[in-house]
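**Student:** Please work out how this folds:
(chains A and B)
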Amino acid sequence: GQSLEQPSEVTAVEGAIVQINCTYQTSGFYGLSWYQQHDGGAPTFLSYNGLDGLEETGRFSSFLSRSDSYGYLLLQELQMKDSASYFCAVRENLDTGRRALTFGSGTRLQVQP
Amino acid sequence: DAGVIQSPRHEVTEMGQEVTLRCKPISGHDYLFWYRQTMMRGLELLIYFNNNVPIDDSGMPEDRFSAKMPNASFSTLKIQPSEPRDSAVYFCASSFSEYEQYFGPGTRLTVT
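**Tutor:** Residues are numbered from 1 along each chain as shown, chains lettered A, B, ... in the order given. Below is the predicted model:
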């Protein structure tokens, strides 16, 4: 089986930097994705790490360490519109050889003025 | 492109009724996924298709749920008979790969 752990809630102030961690336990690990979901909205893709290291996309960066089964999403220069839930998702090879994406339970980020 | 299109956006039905949710993926995408989201269980993968073929339906809760993809531009998720515990938001997503998926706006289903 597989499991992902991420904090349930994080609070930060506008302009600050926040890091959302994700640890995972899975066999057949392939990569780690991050998604953002605003209340009442649909998840939207933010980034993907297939290899160790840092991926940067504007104010958002994502990091992966395969040896530590750990990744994080880094949000810089926080804005009020960044208040949302953030999901890490593991791309894995199943026992059947098929690949799937399993989502964590999400981290609710509240940005305060 | 209009993105992934789902209908209806909201559905309220009585227990025992049949419910059909519809999805039109982004043109050219060869993966299509159906998810269910609830506060208690989070975002769960129900089934996914590749090139219109069901690849993994291990997430389908029970025989009351069925999904079809008759062609590359249309998929349905059917619940028959529906039960109150099926109340959730159902998302359809499409993509070129498993890791970068584009989600539709979702269908909020309420079964009374």
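**Student:** My read is that B:Asp30 contacts B:Val53, right?
**Tutor:** No: with contact defined as Cβ atoms under 8 Å, B:Asp30 does not count as touching B:Val53 (10.0 Å). Just so you know, the C-beta spots here come from the backbone N, C-alpha and C atoms, and that holds for glycine as well.
**Student:** Of those two, give the one with the bigger neighbour count.
**Tutor:** B:Asp30 (15 against 9; other Cβ atoms under 10 Å in any protein chain shown).
**Student:** show me the contacts for the more buried one.
**Tutor:** For B:Asp30, the contacting residues are B:50-51, B:72, B:96, by Cβ atoms under 8 Å, 6 or more residues apart in numbering or on different chains.
**Student:** Weed out the non-buried ones from those.
**Tutor:** Buried subset of those (neighbour count, 16 or more other Cβ atoms under 10 Å in any protein chain shown): B:Ala72.
**Student:** Which pair of the contacts of B:Asp30 spans the longest distance?
**Tutor:** The span of the contacts of B:Asp30, defined through Cβ to Cβ, is set by B:Ala72 and B:Phe96 at 12.9 Å.
**Student:** By proximity to chain A, which residue of chain B wins?
**Tutor:** Residue nearest to chain A within chain B (Cβ to the nearest Cβ): B:Phe103, separated by 3.9 Å.
**Student:** Pairing partners for that residue in the sheet, please.
**Tutor:** B:Phe103 has these beta-bridge partners by DSSP bridges: B:Ala93.
**Student:** where are the low-confidence patches of chain B?
**Tutor:** Applying pLDDT under 70 to chain B picks out residues B:1.
**Student:** Direction included, what does the lowest-mean-pLDDT helix or strand in chain A pair up with?
**Tutor:** Least confident element among the helices and strands of chain A, by mean pLDDT, DSSP states H and E: strand A:99-103 (a mean of 81). Paired strands of strand A:99-103, with direction, are strand A:84-93 (antiparallel) (DSSP bridges).
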